[in-house]
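Novice: Provided below for reference: sequence and predicted model.
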Amino acid sequence: MSKITATVNFDGRDYSLETGKLAKFANSVMVRCGDTMVLVTVVASEREMEGIDFLPLQVEYKEKYAAAGKIPGGFLKRETRPTDHEVLCSRLIDRPIRPMIPKTWHYDTQIIANVFSAEPDVNPETLAAVGASSALLISDIPFDTPVSQVRVGRLDGKFIANPTNMQIENCDIDISVSGTDLAIMMVEGEMKEVSEDDFVKALEFAHEKIRVLNKLQMDFLKLFEEQSGQPVKKREFTVHEIPEIIVNFVEETIYSDLNKYVHTVTSKNERQESRANLKEKVIEEAKKKFAVTEEDKGNEVIKSIENEDKFPVEQLEKWCDEIVAKLEKKQMRAMILDDKVRLDGRNLEQIRPIECEINYLPRTHGSSLFTRGETQSLTTLTLGTSRDEQMIDGLLPIYNERFILHYNFPPFSVGETGRLSTGRREIGHGHLAWRALKETLPEPNAFPYTIRIVSDILESNGSSSMATVCAGSLALFAAGVPVKNAVAGIAMGLIKDEEKIAILSDILGDEDFLGDMDFKVAGTVNGITACQMDIKIDEGLSTEFLRKALEQAKAGRMHILGIMNKCIDKPADDLSKYAPRYESIKIPQDTIGAVIGTGGETIRMITRETGVDISIEDDGTVLIASTSKEASQAAITMIRNLTSKPELGQIYNCIVKEIREELGAFVEFLPKTQGLLHLSQISKDRVRKASDVLKVGDKFDVKLIEITRDGKYRVSRKALL
C-alpha cells in the first residue's frame, strides 16, 4: 500500500494523519501538527486469550528525548521506565478508547505512541490519542467510531484549542476532553476556581473541535478504503455465551435470596459475605445437577456431555460466578433507578458520614485523618527547602516542582494481600489530587517552602482520590500553609437505562463498578479546581446531563467543606516546631560571589558549620532555612560578615593568623579581611614579644581604630580591656 495522507486546517495549523510509509507490520498512523510528530501503532494478537473476562488492552505513550534535541540524563543515557507524565498520557489515551471496544474482545491488544519530533508550542499528548483512534479504525479490531481529543484553555475569557505551553501558564482553565460526534467520553484537567457554567461552556467548545478531528479521521478512513478497494474488514470473533439452561437455573435458584440481599442496607464487608454465600449456594446446586461425575468419565460419555447438559466443574464455577455478578448488578441498578435507594440506604444525593481530625501524628509538620463512610485517608505534610524540589526532565526544558503529592493504596485498605507498588492508578489518583490543591497554594515569594503531601489510604470503599483532596487540604491548614481556600472533592456516579437516569453523589466502590460514569469534581467555595470524568458506555454523555451532575456535585462539595471547616476553618497561626524556619536577608548584588565562594566553597562551609540550608536569588535575597533559631542567626552573622565593609570604631571577633614578634600580629576580623594588631595594642601592660601573649588561632574581640590611606586596617585589643 502506498502512502495515504489526510489533512485539515485545525485552528491555523495543518493537522495530518498518514499511513502506508512507516511500521507496515502494524496498523500505524503518523500524526503531525506543526513540527510535532507522533507515530501510533496498534497490534492485536492472532490467538484469543482463554479464561479471561476483561478487555486485554495495553496503552504505552513514550517521549523520545531526541524529539526535542536532548540526551537523557542519568548513567544509562537512554529512555528507561515510563515517567509519571508518560503514564498519565497513556491513561488519557486508554480511558476514552476502552469503552468503544467490546468487552468480549479477548485478543491481547497493544497501542504504542512514540513521540519522534516535538515542537515546543504543539503538545503531543492529544495527537497520540487521535492517532490511536485512527489506527484502530483501519485495523481489524472491532472499533468503528472515531474518538478525538483536544486540550482546551481559556485565556482572557477566550477559549483556545490545543494552547501553547506559554498560553497554558496564563489560562484559568486547562482541560483535556475526548469524545465522539455524539457525546463526551472523558474529561480531565484543572481550573482556577471557575464556575460550573464556565466549565460546561469549555466542554461545549471542546466538543465542537472534537467533531472537526473526528471528520478528519473519517476522511482518512475513506481514503484508506478507496486505495485498498474495499471496506476495512473487522475480525470475526466468538462471543462465548453461557448456556441458557445454566442462566435460568442460577436465576431461579437465587432470585429471592438475591432480591432480599440487594434490598437490605449493608456495609461493604456484609455485601461481600452475602455475595460469597450466594455464589457458594448456587455453585453447589449447579454441581449436583450439571457437573460431570466420575461415573460419567468412566462410562466415556465425555463426547455427549453437551447434549446431556453436563459440564466440567471448573466451567460451572466460572459461569455461576459470572451469572451471579450480572444478576446482582442488574438488581442493584434497578433498585437505584426505580426506588431511588442505594446499597447503603442513602438517597441519590446523600453524602456518607464524615469525620475530620488534624495533627493526629505529633512529629510531622502537618497531618490529617479524613474518614468518609468506609473510605479513610491518613495524610501527612512535610515542609522542605528549595533543595527538596523535584526536578522534572522531559521534552520541555528541565524545571523544578515545589509541590509534590503522592497517593498510596496498600492492599490492606480493601482487606486483601498483594505487592506494595506504585501503579498507574496510584499515579493517576495522586495527580488528580495534586491538580485540585495546587491552585490554592501561596506564591513562592510569600511562602518559599517545598511542600510534599502523602496520602495513605487505610480503608477504601469508593472516592479515595477525593478523600485525598479533602485530607490534603486539612493537612495544609494544620501545617500553617497560608492557602487561599479549603478544597474538597466528591465522586459522582451515573446509572442510565434507556430513558431512566440516576445521578449519584459520593459513590461507593460497588456503585462505581455497576455504574456508567465516574465523575470526580474538586473545588473551593468559589469554584472548581480539578475534574476527572470517565464514561463506561459507548454512547457517552450529553452536556445536559453533565450540567445536572455538576450542580449536584457542587451541593455535595459545599456540604463537605462545611464539615471540614468545623474541624479547622483557617491555616494555623504558626508552623510546627519541627518544621524549618525561613529567615530572609538582603545583601548587595556585588557581594553574592563572596558569599558563594570559589566553586561554592564558602556557602558550603557556612552550611556545614551551622546546619542550615541557604539559597541566594539573583537580586541578593538570601533565604536561610533551619529548625534552630540559633543556627539561623549564626549563619546570618557569617553572611553579614562576608558582605559588610569594615567601619571605624566597630568591634569585631578576630582570629590570629600570623605572629610577627617585634611588630605584633595579623588578625582576620572579617572573612578574608586582615588587620595589624600592633604590640602596643595587645595589652595595657608592656609586651616585648607578641608570642608572649598570643599564638596563631587565638580568638578574641578587637576594635577597628584606623583605616590607612592605602586601605590597610589597624585594630586594638587594649581598647577593650
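Specialist: Cool, got the structure.
Novice: what sits against residue 89?
Specialist: 61, 113, 125, 128 (Cβ atoms under 8 Å, 6 or more residues apart in numbering). The C-beta positions use only the backbone N, C-alpha and C, and glycine is treated the same way.
Novice: nearest to residue 237 among the residues you listed?
Specialist: Residue 237 has its nearest neighbour among the contacts of residue 89 in residue 113, at 25.0 Å by Cβ to Cβ.
Novice: what about the closest one, neighbour count?
Specialist: A count of nearby residues for residue 113, using other Cβ atoms under 10 Å, gives 28.
Novice: swap in the one 3 residues further on?
Specialist: For residue 116, the count of nearby residues is 17 (other Cβ under 10 Å).
Novice: let the chain start at 37 from now.
Specialist: With the count now opening at 37, the last piece we talked about shows up as residue 152.
Novice: ok so, going back, what is the nearest of the contacts of residue 125 to residue 457?
Specialist: The closest of the contacts of residue 125 to residue 457 turns out to be residue 97 (Cβ to Cβ; 19.9 Å).
Novice: of all the contacts of residue 125, which two lie farthest apart?
Specialist: 149 and 161 (8.9 Å).
Novice: joint contacts of the two?
Specialist: Jointly contacting residue 149 and residue 161 under the rule Cβ under 8 Å, 6+ apart are 97, 125.
Novice: hmm, back to that, pipe the contacts of residue 125 into JSON lines and attach secondary structure, pLDDT and distance to residue 297 per row.
Specialist: Shown next, in JSON lines, are the contacts of residue 125 (DSSP: H, G, I helix; E, B strand; the rest coil; pLDDT from 0 to 100; distance: Cβ to Cβ, whole Å):
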{"residue": "97", "secondary structure": "strand", "pLDDT": "98", "distance to residue 297": "43"}
{"residue": "149", "secondary structure": "strand", "pLDDT": "98", "distance to residue 297": "45"}
{"residue": "161", "secondary structure": "helix", "pLDDT": "96", "distance to residue 297": "44"}
{"residue": "164", "secondary structure": "helix", "pLDDT": "98", "distance to residue 297": "45"}
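Novice: which ones are touching the closest residue to residue 523 other than its chain neighbours?
Specialist: Nearest non-adjacent residue to residue 523, counting by Cβ to Cβ, 6 or more residues apart in numbering: residue 509, 4.4 Å away. Residues in contact with residue 509, defined by Cβ under 8 Å, 6+ apart, are 473, 476, 519, 522, 523, 524, 600.
Novice: and the last one, which of the three is it?
Specialist: Right, residue 600. Judged by DSSP: H, G, I helix; E, B strand; the rest coil, the three-state class of residue 600 is helix.
Novice: specify the beta-bridge partners of residue 195.
Specialist: Assessed by DSSP bridges, residue 195 has beta-bridge partners residue 190.
Novice: so it touches residue 239, yeah?
Specialist: No: assessed by Cβ atoms under 8 Å, residue 195 is found out of contact with residue 239, at 10.3 Å.
Novice: tell me the contacts of residue 384?
Specialist: Applying Cβ under 8 Å, 6+ apart, the residues near residue 384 are 372, 376, 378, 538, 539, 540, 541.
Novice: quick one: neighbours of residue 584, just the number.
Specialist: Neighbour count of residue 584, defined by other Cβ under 10 Å: 15.
Novice: what's the nearest residue to it if we skip its chain neighbours?
Specialist: Sequence neighbours aside, residue 539 is the residue nearest to residue 584 in space, at 6.0 Å (criterion: Cβ to Cβ, 6+ apart).
Novice: my read: that neighbour touches residue 528, true?
Specialist: Yes: the pair residue 539 / residue 528 is scored as a contact, 6.5 Å apart, by Cβ under 8 Å.
Novice: shared neighbours of those two, which are they?
Specialist: Common neighbours of residue 539 and residue 528 (Cβ under 8 Å, 6+ apart) are 585, 588.
Novice: okay, the two: which has more neighbours?
Specialist: The residue with more neighbours, out of residue 539 and residue 528, is residue 528; 25 against 22, by other Cβ under 10 Å.
Novice: so the more buried one, which of the three states?
Specialist: Assigned by three-state DSSP, the conformation of residue 528 is strand.
Novice: against residue 97, how distant is it?
Specialist: 27 Å (Cβ to Cβ, to the nearest Å).
Novice: let me see the ranges of the helices in the stretch 487-636 of the chain.
Specialist: With DSSP state H, counting those that start in this stretch as the criterion, the stretch 487-636 of the chain has helices at 500-515, 545-550, 579-603, 628-632.
Novice: buried residues, the top helix by length along the chain. List them.
Specialist: If you go by DSSP state H, the chain has its longest helix at helix 232-264. Using 16 or more other Cβ atoms under 10 Å as the test for burial, helix 232-264 gives 232, 234-239, 241-243, 245-250, 252-253, 256-257, 259-260.
Novice: same deal with stretch 491-498?
Specialist: Judged by neighbour count using 16+ other Cβ under 10 Å, the buried positions of stretch 491-498 are 491, 492, 493, 494, 495, 496, 497, 498.
Novice: quick check: what element follows the helix or strand of the chain with the lowest mean pLDDT along the chain?
Specialist: Least confident helix or strand, the chain: helix 330-334 with a mean of 55, by mean pLDDT, DSSP states H and E. Sequence order places helix 349-375 as the next helix or strand after helix 330-334, per DSSP states H and E.
Novice: going by neighbour count, which residues of that next one are buried?
Specialist: Within helix 349-375, the residues that count as buried by 16+ other Cβ under 10 Å are 352-353, 355-357, 359-360, 363-364, 367-369, 371-372.
Novice: for those, give me JSON lines that also has pLDDT.
Specialist: As requested, these are exported to JSON lines (pLDDT from 0 to 100):
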{"residue": "352", "pLDDT": "90"}
{"residue": "353", "pLDDT": "89"}
{"residue": "355", "pLDDT": "91"}
{"residue": "356", "pLDDT": "92"}
{"residue": "357", "pLDDT": "91"}
{"residue": "359", "pLDDT": "92"}
{"residue": "360", "pLDDT": "92"}
{"residue": "363", "pLDDT": "92"}
{"residue": "364", "pLDDT": "90"}
{"residue": "367", "pLDDT": "92"}
{"residue": "368", "pLDDT": "92"}
{"residue": "369", "pLDDT": "92"}
{"residue": "371", "pLDDT": "93"}
{"residue": "372", "pLDDT": "93"}
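Novice: would you list those in CSV and tack on distance to residue 713?
Specialist: What follows is the buried residues of helix 349-375, written out as CSV (distance: Cβ to Cβ, whole Å):
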residue, distance to residue 713
352, 100
353, 95
355, 98
356, 98
357, 92
359, 98
360, 95
363, 97
364, 92
367, 96
368, 91
369, 92
371, 94
372, 90
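Novice: quick check, nearest of these to residue 552?
Specialist: The nearest member of those to residue 552, counting by Cβ to Cβ, is residue 369 at 9.1 Å.
Novice: quick one: residues contacting the nearest residue to the closest one once chain neighbours are set aside.
Specialist: Spatially, and ignoring its direct neighbours in sequence, residue 369 is nearest to residue 531 (5.3 Å; Cβ to Cβ, 6+ apart). Each residue near residue 531 by Cβ under 8 Å, 6+ apart is listed here: 369, 372, 373, 537, 538, 540, 550, 551, 552.
Novice: poorly predicted segments of the stretch 487-636 of the chain, please.
Specialist: 576-577 (pLDDT under 70).
Novice: next one: the longest helix of the chain to chain centre, how far?
Specialist: Offset of helix 232-264 from its chain centre (Cα atoms, centre = their mean, to the nearest Å): 27 Å.
Novice: pLDDT (mean, whole number) over that helix?
Specialist: With pLDDT averaged residue by residue, helix 232-264 scores 96.
Novice: next secondary structure after it?
Specialist: Helix 232-264 is succeeded, C-terminally, by helix 280-298 (DSSP H and E).
Novice: run the chain-centre distance for that next one.
Specialist: The chain centre lies 42 Å from the centre of helix 280-298; the measure is Cα atoms, centre = their mean.
Novice: let me know the angle separating that helix from helix 349-375.
Specialist: Here the directions of helix 280-298 and helix 349-375 differ by 50 degrees (axes from the mean of the first three to the mean of the last three Cα atoms, to 10 degrees).
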